[in-house]
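**Q** I need the structure of the sequence given here:
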Amino acid sequence: FKQKTAYEIVDCDWSSDVCSSDLKAAPKKVVKLSKKPAAKKAQASSAKISNGLPRPSTKPYGQAGRALDGVKILDFTHVQSGPTCTQLLAYMGADCIKVERPGVGDITRTQLRDVKGQDSLYFTMLNGNKRSITIDSKNPKGKEILERLIKHCDVLVENFAPGALDRMGLTWEYIHKTNPRMIVASVKGFGPGPYEDCKVYENIAQCAGGSASTTGFREGPPLVTGAQIGDSGTGLHLAWGIVCALYQRTRTGRGQKVLASMQDGVLNLARVKLRDQQRLAHGPLTEYSQYGEGVPFGKATPRAGNDSGGGQPGWILKCKGWETDPDAYIYFITQAPVWGPICDLIGKPEWKTDPDYATPPARLPRLKAIFNTIEEWTMTMTKFEVMEKCNAVDIPVGPILSMKEIAEEQSLRDTGTVVEVDHPGRGKYLTVGNPVKFSDSITEVKRSPLLGEHTEEILTKVCGYSAKELAEIKTSGAITAPEKPAKAA
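**A** Alright, predicted model coming up:
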């Protein structure tokens, strides 16, 4: 008897309904049998988890590849917002293919140039870990190359002016027909609406997104911040959107359009100010210093100088050396749970029980005088000495670090946040590494590419062109800059 199928008991039931008449008189336990897979089949199935996902890797952490290995990005971005997005994806392991105009490239290669004849830091610090290919999109052969790249890539990223991609013939309909799995991700200044065709730069985005109107001192004009929340901030938002679209594609099998507007991105980062706008309808904003000073609030969220904005009063205070060092300052927060230690440190122990200072509501009208008193104490020490004393008793403070101090901070080098990269043309330079650290997807920061450095490599290994076809492409003008006419003698 040859039987490859074994059996196992899966259920037992005391029942008389399924028995013959003679069994009804003496009910017995009925055993139901089900087929059991053969041993080899059982072993094969054990290689997978029941939800269909692969079993946990047995490779050591950090040696199982990077998060986005295998993802190909067709990078049409330039300047800052788009390149920020694609560089982050490249840090995560995506193969980022930067498409540039022959002989010209990304405009930032020559903007703010500090080393003659070499790519500027503006370019190198936003385009690490990428490959560069030069393509003339108006050349027929160039269009053919782009079509092949669209077929082979997962995501197309662009931050052209509104309508530019369509004018190149790369409409959503064309792209989706060519590669239904392609995700088309865009940075634009504004979302759909009356301003969607307007050109936007960093500071315009800050102004349109609510940041500038709420930044600065009450008596002064609106101010933009030094942090590039309009450009780099929106690039970060778009990268998040792309990763989400890639994950959704694992279920739907199709790509989609992803849009990140700079106005939307800035507003998202300034959401606490929209929070305060709504709170104004119910009374004054008591954590703002103007409340304690008796200054009435207007109809819109005001500028609040260095107020913390988080419900915990804070201010920037002078430290030792402030007369000659523009960054000899520290941010000091008078957090309620550590009010006692604050009083002890600054030599005002009586404030712990004084009804005018003992509780947060009592302190609000006196914040200016309180911070003046604390500043008298901070001015006797360097910002790092203040930080050491305050951290010892859990008082939240933060030194104002200059870019020079940040560039020289060893701990940031050790964690890969600040990375020294060697460039064949300009030599060594510093760049910002991956701001997100993974335990199993280790980022290796690489230099930015030279213009067209990987053109042949991409044409042959990604697009699949033969040596003969490559030779034809080289003579077609699709990947080279047009020759300049000779100057008249």
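
**Q** quick one: the closest residue to Glu202 other than its chain neighbours from Met262, how far?
**A** Nearest in space to Glu202, with sequence neighbours left out and distances taken as CB to CB, 6 or more residues apart in numbering, is Gly230 at 4.3 Å. Backbone N, C-alpha and C define where each C-beta goes, glycine included. Spatial separation of Gly230 from Met262 under the definition CB to CB, to the nearest Å is 5 Å.

**Q** list the residues that contact both of these two?
**A** Ser81, Val200, Ile204, Ala205, Gly209 (CB atoms under 8 Å, 6 or more residues apart in numbering).

**Q** assumed Leu74 was part of a strand.
**A** Yes: the assignment for Leu74, made by DSSP: H, G, I helix; E, B strand; the rest coil, places it in a strand.

**Q** can you name the residues that contact it?
**A** Neighbouring residues of Leu74 by CB under 8 Å, 6+ apart: Ile97, Val99, Leu149, Ile150, Cys153, Val155, Leu156, Val157.

**Q** at 10 Å instead, please
**A** With contact set as CB atoms under 10 Å, 6 or more residues apart in numbering, Leu74 has these partners: 86, 95-99, 133, 146, 149-150, 152-158, 170, 175, 179, 182, 184, 462.

**Q** do Glu456 as well
**A** Glu456 makes contacts with Ile133, Tyr465, Ala467, Leu470, Ile473, Lys474, Ile479, as judged by CB under 10 Å, 6+ apart.

**Q** can you tell me the SS state at Ala260?
**A** At Ala260, secondary structure determined by three-state DSSP is strand.

**Q** quick one on the thing from earlier: inside helices: which ones of the contacts of Leu74?
**A** Here DSSP state H is the test, and the contacts of Leu74 give Thr86, Leu146, Leu149, Ile150, His152, Ile175 as lying in helices.

**Q** got the phi and psi for the nearest residue to Leu412 once chain neighbours are set aside?
**A** With sequence-adjacent residues excluded and distances taken as CB to CB, 6+ apart, Leu412 is closest to Val418, at 4.3 Å. As for Val418, its main-chain torsions (degrees, to the nearest 10) stand at phi -110, psi 120.

**Q** closest to Leu401 out of the ones in helices among the contacts of Leu74?
**A** Using CB to CB, Thr86 is the member of the ones in helices among the contacts of Leu74 that sits closest to Leu401, with 28.3 Å.

**Q** circling back to that earlier point, okay, now the residue nearest to Glu202: neighbour count?
**A** Each residue near Gly230 was counted by other CB atoms under 10 Å, and the total is 29.

**Q** buried ones only from the ones in helices among the contacts of Leu74, please, as a PyMOL command.
**A** In PyMOL, selecting the buried portion of the ones in helices among the contacts of Leu74, with burial taken from 16 or more other CB atoms under 10 Å, looks like this:
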select buried, resi 86+146+149+150+152+175
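
**Q** my read: Asp163 touches Lys199, true?
**A** In this structure residue 163 is Gly, not Asp. No: using CB atoms under 10 Å as the test, Gly163 is too far from Lys199 to be in contact (11.5 Å).

**Q** with just CA atoms, put stretch 140-150 into CSV.
**A** Listed next in CSV are the C-alpha coordinates belonging to stretch 140-150 (Å, rounded to 0.1, in the frame of the first residue of the first chain):
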residue,chain,number,x,y,z
PRO,A,140,15.1,61.9,-31.1
LYS,A,141,17.7,59.4,-29.8
GLY,A,142,17.6,61.2,-26.5
LYS,A,143,13.8,60.7,-26.3
GLU,A,144,14.3,57.0,-27.0
ILE,A,145,16.8,56.8,-24.2
LEU,A,146,14.4,58.5,-21.8
GLU,A,147,11.7,56.0,-22.8
ARG,A,148,13.9,53.1,-22.0
LEU,A,149,14.8,54.6,-18.6
ILE,A,150,11.1,55.1,-17.9
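
**Q** just give me the least confident of the shared contacts of Gly230 and Met262.
**A** By predicted confidence, these are weakest at Val200, whose pLDDT stands at 94.

**Q** which helix or which strand is home to that one?
**A** In this structure, Val200 is located outside every helix and strand according to DSSP states H and E.

**Q** mind listing what it touches?
**A** By CB under 10 Å, 6+ apart, the contact set of Val200 is 81, 161-162, 187-190, 207-209, 230-231, 234, 261-263.

**Q** at 8 Å what do you get?
**A** Lys188, Gly189, Phe190, Ala208, Gly230, Met262, Gln263.

**Q** Ala407: neighbour count?
**A** Here the neighbour count serves as a burial measure; for Ala407 (other CB under 10 Å) it reads 13.

**Q** would you indicate which residues of the host helix or strand of it are buried?
**A** If you go by DSSP H and E, Ala407 is part of helix 403-408. Neighbour-count burial for helix 403-408, counted by 16+ other CB under 10 Å, picks out no residue.

**Q** for it, which outside residues touch it?
**A** So helix 403-408 is contacted by Asp327, Leu412, Val418, Leu430 (CB under 8 Å, 6+ apart).

**Q** now, which of the residues you listed sits nearest Met379?
**A** The nearest member of the contacts of helix 403-408 to Met379, counting by CB to CB, is Asp327 at 14.5 Å.

**Q** distance check, that closest one against Leu401.
**A** Following CB to CB, the distance that separates Asp327 from Leu401 is 7 Å.

**Q** which residues do the two both contact?
**A** Common contact partners of Asp327 and Leu401 (CB under 8 Å, 6+ apart): none.

**Q** before we move on, the earlier item: just after the helix holding Ala407, pick out the following helix or strand.
**A** Counting by DSSP H and E, the element that comes right after helix 403-408 along the chain is helix 410-414.

**Q** quick one: average confidence on the helix or strand following that following helix?
**A** Reading on from helix 410-414 to the C-terminus, the next helix or strand found by DSSP H and E is strand 418-423. Confidence over strand 418-423 (mean pLDDT, whole number) is 98.

**Q** dump the helix or strand encompassing Cys207 to PDB, restricted to CA.
**A** Under the criterion DSSP H and E, the helix or strand holding Cys207 is helix 202-208. Taking Å, rounded to 0.1, in the frame of the first residue of the first chain, the C-alpha atoms of helix 202-208 are listed here in PDB:
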ATOM      1  CA  GLU A 202      12.800  79.000  -0.600                       C
ATOM      2  CA  ASN A 203      11.900  82.400   1.000                       C
ATOM      3  CA  ILE A 204       8.700  82.700  -1.000                       C
ATOM      4  CA  ALA A 205       7.600  79.300   0.300                       C
ATOM      5  CA  GLN A 206       8.400  80.400   3.900                       C
ATOM      6  CA  CYS A 207       6.300  83.500   3.400                       C
ATOM      7  CA  ALA A 208       3.400  81.700   1.800                       C
END
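
**Q** before we move on, back to that, what's the closest of the contacts of Glu456 to Pro349?
**A** Comparing every one of those with Pro349 (CB to CB), the shortest separation belongs to Ile133, at 68.5 Å.
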